[in-house]
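Colleague: Need the 3D shape of this:
(one chain, ligands or ions: 2)
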Amino acid sequence: MARTHILGYPRMGAKRELKFSLEAFWKGELSAESLQTTGQTLRAGHWKKQQNAGLSFVTAGDFSFYDHVLDHSVLFGAAPGRFGLQGRPLNENDYFSLARGNAAQPAMEMTKWFDTNYHFIVPELDADTVFSLTPQDYLKQLDEALAAGFEVKPVLLGPVSYLYLGKSKNADKLDFLDALAGQYAVLLNELQRRKITWLQIDEPILALDLDESWLNAFDQAYSRFKTERPKLLLTTYFDSVARYQDRIAALPVDGIHLDLVRAPEQLETWLATLPEEWVLSAGVIDGRNIWRNDLDKSLALLAPLAEKLGERLWIAPSCSLLHTPVTLAHETLLDSDMKSWLAFADEKLEELRILAKALDHGAQSVADELAVSRAAINSRAGSGRVHSQTVKARLAALDQINENRAAVFPERQAHHHARLNLPLLPTSTIGSFPQTAEIRASRAAFKKGDISPEQYDADMKQHIQYAIRQQEQLGLDVLVHGEAERNDMVEYFGEQLAGYVFTQNGWVQSYGSRCVKPPVIYGDVYRPSPMTVDIIRYAQSLTGKPVKGMLTGPVTMLQWSFVRDDQPRETTALQLALAIRDEVDDLQKAGIAVIQIDEPAFREGLPLQRANWAHYLAWAVRAFKLASSIAGNSTQIHTHMCYSEFNDILQAIAKMDADVITIETSRSRMELLDGFGKFSYPNEIGPGIYDIHSPRIPSVAEMEQLMRRAMAVIPVERLWINPDCGLKTRGWPETRAALQNMVDTARNLRSIASSEKIKNHIYSA
Ligand code: GLN
Ligand code: ZN
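Modeller: Numbers count the residues shown, from 1 in each chain. Ligands and ions are numbered 1, 2, ... in the order given. The predicted structure is shown next:
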């Protein structure tokens, strides 16, 4: 009998119940008790679904009111000392103050969970951190599930991953290991008392490049778990863990979960060496994507495993279903074909049920289900909606396109100077201006059909005109249209490209109560007609200053969508690149001199293991170049990146050969620029000097100081002055004030530069 389980279930609820309860609680409109009830109801529902699908276990401990890593900080009594919460159990307000900050303390730091778009709260450790188990909330959830009579498999994030993901101010993180592992051991013992048979212990960092000290940390921590405890299923995901196979196999655990969607090749290694008593949990259903599983293919993989391992084979999705939407049940606008190709969390539970039944009772026992699945797989594979011969032919002929710009950068730069006639240290912004209540109201009315497309269009033009006037008054040099017409930088383009489809409820948690609804790339991508040309041409008609064309780059389009799994990601990226290339060409033909291709997610797509970086960077750079190389020498290509670590990919960024890169730097106080300076980045750079995440208005003195640091490492002739990122979340008053200071900063620095004081004054700053 194959056992079935999941690593975790999405927390938000099919109708985002948790989001709405959380936000009501934060506003003071919902009591703590009602919020707890929402949590309880959701959990009970999730377990019921797992039971209905016949899973061998229901998974508990995966729910969180904000984030599971934060919950572990609380569980082990490691709330940062600065919040003053030591020595008492936390109530709801205490808990959320850690995640969201309060009047006295800024929130704990948040960062991306591996290569997903989920953000976790970074454990904040310092020399004073003392771990002390505070298991009430965690055990309460398990007890709920136990009381309802389920076979419960709780989940914990393992101690080594917890520490690895944390940040320590003044102590070596590994110095905490013994103390923390000791507290885990106490908890394991408590689970044993509750007659829990299996615990899922997640150690996702095993998919990363680990040095010897972290590998040793596993031996050290897990050697503490030899006491009375449930059996341990060590869970890994997001990449192969085959290279640490001998180290992992020596750990005192009772089984391993492998991500066989991301890294199917590791199965062979593991089958050859799996310790005799261990179970193998085969993650064969994609927990990161929304495509229906090819059940025949999965069965072909699983049948020999079942033969070999018998009871020791478990079947599961590749990773927690946290990264997929809840259910297709409420998707009323997808046609039946499209719907049949997809599987959200609930449909994945059903796939597990079918797979297990087929293994246990033979394929005939689920003949109907398999037939339905097969029909859907075949319909998708052969669909004319998925495959465009024109796109494929164009892709096959890529080698006939010159992926380089016609001239080298210094030559292009001369053209730009002649055409644009910009001052030293030109000022610009990243693209979006405040998405005001009026803009949102107009869009909502348009979507509901309350106003006509013509009215909507006229409204948007008015907002664009307003943005242009503001920028002219402020004295900015290169203007933007403000992106009023864009709800989202990916959705806006996805809606106009062939190969994209949108769901109504395909929400995935991003952080806390925030969810994103990634569009779905299901087919060959192309651009049926120009997407932004009319609007940019309109904006340009309003001013004598250059207005930037504003596009989203191929890698970001890919990274923030659910991507088709029937061809390599790079193929889809190149298709997107060609579509954007067409748009770049049309924009320049319409007389637009400056075109920005945003790639904020460029770094995010980087593989978890360094050995795979070169391949990714090669195609990601190629996609950008393909999109931009159609630009003539006098067209200035910008790109924009933000909120990532760029120093280790500077070479690749330089290879993109954008004429100008604007990049977020103000939060790190220009540290990033050291990298650009040392590496001597060859083209122009606009380091962000205004942190757009805060309503705070940076002063001229402050911005000047930041720019001086930039000028110390990058020649002034190659610098631009701009904010960190788009201004869509800001209000107009603070935006205006901050941009005024930014323009004044530029003027001050220009006069210093021109009065020849530049060397002594600036380079010594
Ligand atoms: N052009 C986009 C904007 O200004 C860029 C957003 C981003 O970098 N995420 O909003
Ligand atoms: Zn940005």
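Colleague: Contacts only, for the residue of the stretch 251-400 of the chain found nearest ligand 1.
Modeller: Nearest residue of the stretch 251-400 of the chain to ligand 1 (CB to the nearest ligand atom) works out as residue 323 at 20.2 Å. In short, each C-beta sits where N, CA and C put it, glycine included. Contacts for residue 323 were tallied using CB atoms under 8 Å, 6 or more residues apart in numbering; they are 116, 118, 287, 288, 508.
Colleague: okay, stretch 50-68 in CSV with CA atoms only?
Modeller: C-alpha atoms of stretch 50-68 as CSV (Å, rounded to 0.1, in the frame of the first residue of the first chain):
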residue,chain,number,x,y,z
GLN,A,50,-7.1,15.7,2.6
GLN,A,51,-9.2,13.0,4.3
ASN,A,52,-11.8,13.0,1.5
ALA,A,53,-9.0,12.5,-1.0
GLY,A,54,-8.1,9.4,1.0
LEU,A,55,-4.6,10.7,2.0
SER,A,56,-2.9,8.5,4.5
PHE,A,57,-2.2,11.5,6.7
VAL,A,58,-3.5,15.0,7.2
THR,A,59,-0.7,17.5,7.5
ALA,A,60,-0.9,19.8,10.5
GLY,A,61,1.3,22.7,11.7
ASP,A,62,1.5,24.0,8.1
PHE,A,63,-1.1,26.8,8.9
SER,A,64,0.1,30.2,9.8
PHE,A,65,-1.5,33.5,10.5
TYR,A,66,1.4,35.3,8.8
ASP,A,67,4.4,33.1,8.1
HIS,A,68,5.6,29.7,9.2
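Colleague: Identify each buried residue in it, please.
Modeller: Buried residues in stretch 50-68, counted by 16 or more other CB atoms under 10 Å: 50-51, 53, 55-68.
Colleague: Regarding residue 687, what is its secondary structure?
Modeller: Following DSSP: H, G, I helix; E, B strand; the rest coil, residue 687 is assigned to strand.
Colleague: Quick check: the gap between it and ligand 2.
Modeller: Relative to ligand 2, residue 687 is positioned 13 Å away (criterion: CB to the ion, to the nearest Å).
Colleague: does that residue really touch residue 665, like I thought?
Modeller: Yes. If you go by CB atoms under 8 Å, residue 687 and residue 665 touch, sitting 4.3 Å apart.
Colleague: shared neighbours of these two, which are they?
Modeller: Residues touching both residue 687 and residue 665 (CB under 8 Å, 6+ apart): 672, 673, 706, 710.
Colleague: Backbone dihedrals for residue 364, please?
Modeller: Dihedral pair for residue 364: phi -60, psi -30, per degrees, to the nearest 10.
Colleague: residues contacting it?
Modeller: Residue 364 neighbours (CB under 8 Å, 6+ apart): none.
Colleague: And for the residue of the stretch 251-400 of the chain closest to ligand 1, nearest residue in space, chain neighbours not counted?
Modeller: Nearest non-adjacent residue to residue 323, counting by CB to CB, 6 or more residues apart in numbering: residue 288, 5.1 Å away.
Colleague: what's the neighbour count on that neighbour?
Modeller: Other residues lying near residue 288 total 23 when counted by other CB atoms under 10 Å.
Colleague: With residue 425 instead?
Modeller: Residue 425 has 23 neighbouring residues, counting by other CB under 10 Å.
Colleague: Next: residue 197.
Modeller: Residues lying near residue 197 (other CB under 10 Å) number 12.
Colleague: if I read this right, it contacts residue 232, doesn't it?
Modeller: No. Applying CB under 8 Å, one finds residue 197 not in contact with residue 232, separated by 10.9 Å.
Colleague: Residue 82: neighbour count?
Modeller: The number of residues packed near residue 82 is 12, by other CB under 10 Å.
Colleague: One more: residue 509?
Modeller: Residue 509 has 25 neighbouring residues, counting by other CB under 10 Å.
Colleague: Bridge partners for it, pull those for me.
Modeller: residue 515 (DSSP bridges).
Colleague: Need the mean per-residue confidence for stretch 133-142.
Modeller: Average pLDDT, stretch 133-142: 96.
Colleague: Now the terminal residues of stretch 690-710, how far apart.
Modeller: 14 Å (CA to CA, to the nearest Å).
Colleague: For the remainder of this discussion, apply numbering that starts at 5.
Modeller: Will do, 5 is the new start, and the previous item becomes stretch 694-714.
Colleague: which residues sit against it?
Modeller: By CB under 8 Å, 6+ apart, stretch 694-714 touches 429, 434, 669-671, 673-674, 677, 689, 691, 693, 723, 725-731, 733-735, 738, 741-743, 745-746, 748-749, 752-753, 766, 769.
Colleague: Verify the stated contact: residue 416 with residue 663.
Modeller: Yes. Between residue 416 and residue 663 there is a contact at 6.1 Å, judged by CB under 8 Å.
Colleague: Overlap in contacts, the two.
Modeller: residue 640.
Colleague: pLDDT value on the residue nearest to residue 327, please?
Modeller: For residue 292, pLDDT reads 98.
Colleague: what kind of secondary structure is it in?
Modeller: State at residue 292, reduced to three classes by three-state DSSP: coil.
Colleague: Identify the nearest residue to the residue of the stretch 555-704 of the chain found nearest ligand 1 in space, disregarding sequence-adjacent positions?
Modeller: Nearest to ligand 1, among the residues of the stretch 555-704 of the chain, is residue 604, at 3.6 Å (CB to the nearest ligand atom). Distances taken as CB to CB, 6+ apart put residue 646 closest to residue 604, at 5.0 Å, once the chain neighbours are dropped.
Colleague: wait, what's in contact with the one you found?
Modeller: Residues in contact with residue 646 (CB under 8 Å, 6+ apart) are 604, 667, 668, 692, 728, 729.
Colleague: How about residue 491?
Modeller: The neighbours of residue 491, taking CB under 8 Å, 6+ apart as the test, are residue 447.
Colleague: helix, strand or coil for it?
Modeller: Using three-state DSSP, the structure places residue 491 in coil.
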